[in-house]
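*Asks:* can't give you the sequence, but here's the structure:
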DNA sequence: ACAAAAGTGTTATCAGTACACCCATGC
DNA sequence: GCATGGGTGTACTGATAACACTTTTGT
């Protein structure tokens, strides 16, 4: 496999992580910094998504997985190719132009945007080669390129999907409490949910399975742990075409 | 605006049309034909989606709209950019290689796939420059490139979306009967629906508005006509976050 | 024994499902 | 007046929404 880059096509990865402790939906960003000020004395110091050009013999999905693996060391996360950004002027900000020169890439680059879902604690940020950090989705730092737009569109897609598909479980550890799940929905959707109604509704689902286990290392009454069964979900879903418009 | 093509990026358009008369969900395809048999005596005569390379100064959305307009003469249809297809070997079929040579394009082309929705009767197929024709989604002809895959993925997306978003109305004329809508859901989803329950459910929606009008030119009891109000829909939707997993 | 978070119950209203016949119209 | 497709009603069951207190546990 040659490692020749395709100069005008890239992937960008929005990495969403849910932090069960702080109950915060976060995005993983890396610092973009150019220390030597250029002739116009512009200094670049902002944040961007992780991304890279695709190689000549590589599929788009593989490129995204590769980029993610380089950032986090992780494989096999939930991955969704959600949109392509290819406006001719998407990289026409001054800083982006300077950056493109220093990194030697094409200003008319079409980027295929993916988002990934995981619980934040799965990523070890110590010794991270890219200086990656989590930022709450509602409190993002200054972003380079058109990455704020990309993140916002990813978030909209995630919001909508969370209502209709069982993707929330990708943001939680394998074993979770009903409260964790409720906190997650509240974070994603920005709403309050009645815990009695939520518990009843979710516990009733066949694919939410109570384990013979409770929380440990917790300083108050430990809560019941549950898991999500993808197999059961598929079976339930197959016979349900509920039109819900 | 220069009309220089970007050689390795294209758009492809899956055009879905619903025919209220035959109750059939169709796809608009054009004939791909190469008459002079090449040295291996291979003749190309199959069907493909409409598509084209993007121009240097053109957005992806504009490219898709342009291609669609050239095929149908229509503007402002519902348009959804649903996926990118960019496997290095997506055009490695013999016929595709021959075709790429004759048309002089890059074998490693990444294509941004869109689908469009409209009622079939809006397209005039007489005098169509591309010899376009409607084919039922369940009975497609032989397809070139990876277009069968693209169509199937578009269809899956459409199926899923039809359950959760009001996109079905894009496939119907502005004025439609409840039976038309039911026929449409039955075609898209491949299921049977009880007409009493369906009518009750849909008529109850505030954004389905009964008109002071009935069908004309019909040989039996003319049915009540309805319209869909996007504005009312938005208002209803804004306050509903129904978790439905 | 106290603080903190887990967990529980009821009622009223609404939505979904299953099921079969009458009605209005054009011809 | 008849064939055709449009249109309707009921009973049952399950889901949602609104609402506040008790229980369990670790410390």
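*Replies:* Now that the structure is in, tell me what you want to look at. None of the values given here were measured: they were computed from a predicted structure. Numbering: from 1, shown residues only, chains lettered A, B, ... in the order given.
*Asks:* So which bits of the single longest strand found in chain A are buried?
*Replies:* Identified as the longest strand of chain A according to DSSP state E is strand A:5-19. Neighbour counts over strand A:5-19 (16 or more other Cβ atoms under 10 Å in any protein chain shown) mark A:5-6, A:8-19 as buried. C-betas here are computed from N, CA, C, even on glycine.
*Asks:* Spatially, what comes nearest to residue A:51 if we skip its sequence neighbours?
*Replies:* residue A:12 (3.6 Å; Cβ to Cβ, 6 or more residues apart in numbering or on different chains).
*Asks:* what sits against the one you found?
*Replies:* By Cβ atoms under 8 Å, 6 or more residues apart in numbering or on different chains, residue A:12 lies in contact with A:49, A:50, A:51, A:85, A:111, A:112, A:113, A:114, A:147, A:150.
*Asks:* Sitting in helices, which of those do you find?
*Replies:* A:147, A:150 (DSSP state H).
*Asks:* Show me the shaky parts of chain A.
*Replies:* A:1-2, A:37-39, A:239-240 (pLDDT under 70).
*Asks:* what does chain A put close to DNA strand C?
*Replies:* Applying Cβ under 7 Å from any atom of the strand, one finds that chain A approaches DNA strand C through A:177-179, A:195-197, A:199-200, A:220-224, A:242, A:244.
*Asks:* can you rerun that using 6 Å?
*Replies:* With Cβ under 6 Å from any atom of the strand as the criterion, chain A meets DNA strand C at residues A:177, A:178, A:179, A:195, A:196, A:199, A:220, A:221, A:223, A:224.
*Asks:* Go back to those and keep what's next to chain B.
*Replies:* Subset of the residues of chain A next to DNA strand C in contact with chain B: empty, counting by Cβ under 8 Å from any Cβ of the partner chain.
*Asks:* any chance of these in TSV, plus neighbour count and distance to residue A:231?
*Replies:* TSV is the format used below for the residues of chain A next to DNA strand C (neighbours: other Cβ atoms under 10 Å in any protein chain shown; distance: Cβ to Cβ, whole Å):
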residue	neighbour count	distance to residue A:231
A:177	18	22
A:178	20	20
A:179	16	25
A:195	11	28
A:196	8	29
A:199	15	23
A:220	6	33
A:221	7	31
A:223	14	25
A:224	14	21
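*Asks:* farthest-separated two in those?
*Replies:* Within these, two members stand farthest from each other by Cβ to Cβ: A:196 and A:220, at 19.2 Å.
*Asks:* Okay, helices next: where are they in chain A?
*Replies:* Using DSSP H, helices in chain A cover A:60-72, A:94-103, A:147-164, A:178-189, A:195-204, A:230-238.
*Asks:* okay if I get those helices as TSV plus distance to residue B:63?
*Replies:* What follows is the helices of chain A, written out as TSV (distance: least, Cβ to Cβ, whole Å):
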stretch	distance to residue B:63
helix A:60-72	18
helix A:94-103	22
helix A:147-164	19
helix A:178-189	33
helix A:195-204	44
helix A:230-238	36
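*Asks:* circling back to that earlier point, and the contacts of residue A:12, which of them are in strands?
*Replies:* Of the contacts of residue A:12, the ones assigned to strands by DSSP E are A:50, A:51, A:85, A:111, A:112, A:113, A:114.
*Asks:* among those residues, which two are most distant?
*Replies:* Spatially, the most separated pair among those is A:50 and A:85, at 15.1 Å (Cβ to Cβ).
*Asks:* What residues does chain A have near chain B?
*Replies:* Residues of chain A lying near chain B (Cβ under 8 Å from any Cβ): A:6, A:8-9, A:54, A:56-60, A:81, A:83-84, A:86-88, A:108, A:110, A:112, A:160, A:162-166, A:168, A:185, A:189, A:191, A:201, A:205, A:241-245.
*Asks:* Now, of these, which are buried?
*Replies:* Here, 16+ other Cβ under 10 Å leaves A:6, A:8-9, A:54, A:58-60, A:81, A:83-84, A:86-88, A:108, A:110, A:112, A:162-164, A:166, A:168, A:185, A:205, A:241, A:245 buried among the residues of chain A next to chain B.
*Asks:* coming back round to it: now, among the buried residues of strand A:5-19, which is nearest to residue B:123?
*Replies:* Distances from residue B:123 to the buried residues of strand A:5-19, taken by Cβ to Cβ, are shortest for residue A:9, at 32.5 Å.
*Asks:* what sits against the closest one?
*Replies:* Applying Cβ under 8 Å, 6+ apart to residue A:9 gives the contacts A:53, A:54, A:109, A:110, A:111, A:112, B:8, B:9, B:86, B:110.
*Asks:* at 6 Å what do you get?
*Replies:* Neighbour list for residue A:9: A:54, A:110, B:110 [criterion: Cβ atoms under 6 Å, 6 or more residues apart in numbering or on different chains].
*Asks:* Now residue A:24: closest residue in space that isn't a chain neighbour?
*Replies:* Nearest residue to residue A:24, sequence neighbours excluded (Cβ to Cβ, 6+ apart): residue A:136, at 5.0 Å.
*Asks:* hey, what's that neighbour bridged with?
*Replies:* Beta-bridge pairing for residue A:136 (DSSP bridges): residue A:26.
*Asks:* For it, give its distance to residue A:188.
*Replies:* Look at residue A:136 and residue A:188: by Cβ to Cβ, to the nearest Å, they are 12 Å apart.
*Asks:* How about residue A:229, nearest residue that isn't a chain neighbour?
*Replies:* Using Cβ to Cβ, 6+ apart, the closest residue to residue A:229 is residue A:207 (4.7 Å).
*Asks:* Then residue A:178?
*Replies:* Counting by Cβ to Cβ, 6+ apart, residue A:199 is the residue found nearest to residue A:178 once chain neighbours are left out, at 5.2 Å.
*Asks:* was I right about the one you found contacting residue A:180?
*Replies:* No: the pair residue A:199 / residue A:180 is not scored as a contact, 12.0 Å apart, by Cβ atoms under 6 Å.
*Asks:* Specify the residue ranges that define each domain of chain A.
*Replies:* Domain segmentation of chain A under automatic domain parsing yields A:7-164, A:174-238.
*Asks:* could these go into CSV alongside distance to DNA strand D?
*Replies:* Compiled in CSV, the domains of chain A are given as follows (distance: least, Cβ to the nearest atom of the strand, whole Å):
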stretch, distance to DNA strand D
domain A:7-164, 11
domain A:174-238, 3
